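[1] attaching a predicted model along with its sequence, questions to come.
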Amino acid sequence: MAAAEEEELPLPRLPELFDISRQLLDEVEVATEPTGSREVQEKVSKGLQHLKQAAEMLAQLDLFSRNEDLEEIASTDLKYLMVPAFQGALAMKQGNSSKRLDHLQWAREHFLNYLSQCQHYHVAEFELPKTKNNSAENNTASSSMAQPSLVAMASQRQAKIERWVSNYNLKTAQWQVLLQRVHVFLFVFLGGAGGQ
């Protein structure tokens, strides 16, 4: 009986999927709970499911064809160009820290898909970032190399801050000496002029 009821329920339409997904993304972005909380992660998961359905519908409808220009797309359909960007934004909010690199790579793919669509339809003029086809071994090696480089960058930043503070203190001391000399000069000049 339950299976029959599920079959009778109409599938959500593309506009509904898009609007619900956008609303879920907005709620996740402004949520005061931690990103890893159960409530936020349920919204992320639900939003990603809706966006996956929307992307499948867009592919079936062939709404964005490579042989069309931006002017040929119905203005009501332009918002669907954002589906991959929304997928990327929600993918970055996924909470499983052990799969964080996978989530980031998946988000990157969606963002690149969005950017390539924008470039194809001349929404904006820019150069796409270079893609890397690295194996899992190369990804592991690069992630292990990222830690030392982050430490080096933090050390460089700290050294730069210390140089700036030292330079600032030196300039302040120089200004104080100059100001004292001016005061002495004015005292002598005005004091000596007042006595004659």
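    Sure thing, it's come through. Numbering: from 1, shown residues only.
[2] name the nearest residue to the most centrally placed residue in the chain, sequence neighbours excluded.
    Geometric centre of the chain, nearest residue: A89, 7.5 Å, by CA atoms, centre = their mean. Of all residues not flanking A89 in the chain, L25 sits nearest, at 5.9 Å (CB to CB, 6 or more residues apart in numbering). Using the backbone N, CA and C atoms, a C-beta is placed for each residue, glycine as well.
[3] what residues sit buried inside the helix or strand containing the one you found?
    Taking DSSP states H and E as the criterion, L25 maps to helix 14-30. Residues of helix 14-30 classed as buried by neighbour count (16 or more other CB atoms under 10 Å): 14, 17-18, 20-22, 24-25, 28.
[4] got it, and stretch 97-110?
    Residues of stretch 97-110 classed as buried: 103, 106-107, 110 (neighbour count, 16+ other CB under 10 Å).
[5] find the nearest non-adjacent residue to A91, please.
    In space, A91 comes closest to A107 once its chain neighbours are excluded; the distance is 3.8 Å by CB to CB, 6+ apart.
[6] now the element after the strand or helix carrying that neighbour, going C-ward?
    Remark: A107 resides in helix 100-120, with elements defined by DSSP H and E. Note on helix 100-120: by DSSP H and E, the next helix or strand toward the C-terminus is helix 136-195.
[7] kindly tell me how buried A55 is, as a neighbour count.
    Number of residues near A55 (other CB atoms under 10 Å) recorded here: 18.
[8] could you list every residue that touches it?
    Neighbouring residues of A55 by CB atoms under 8 Å, 6 or more residues apart in numbering: 83-84, 87.
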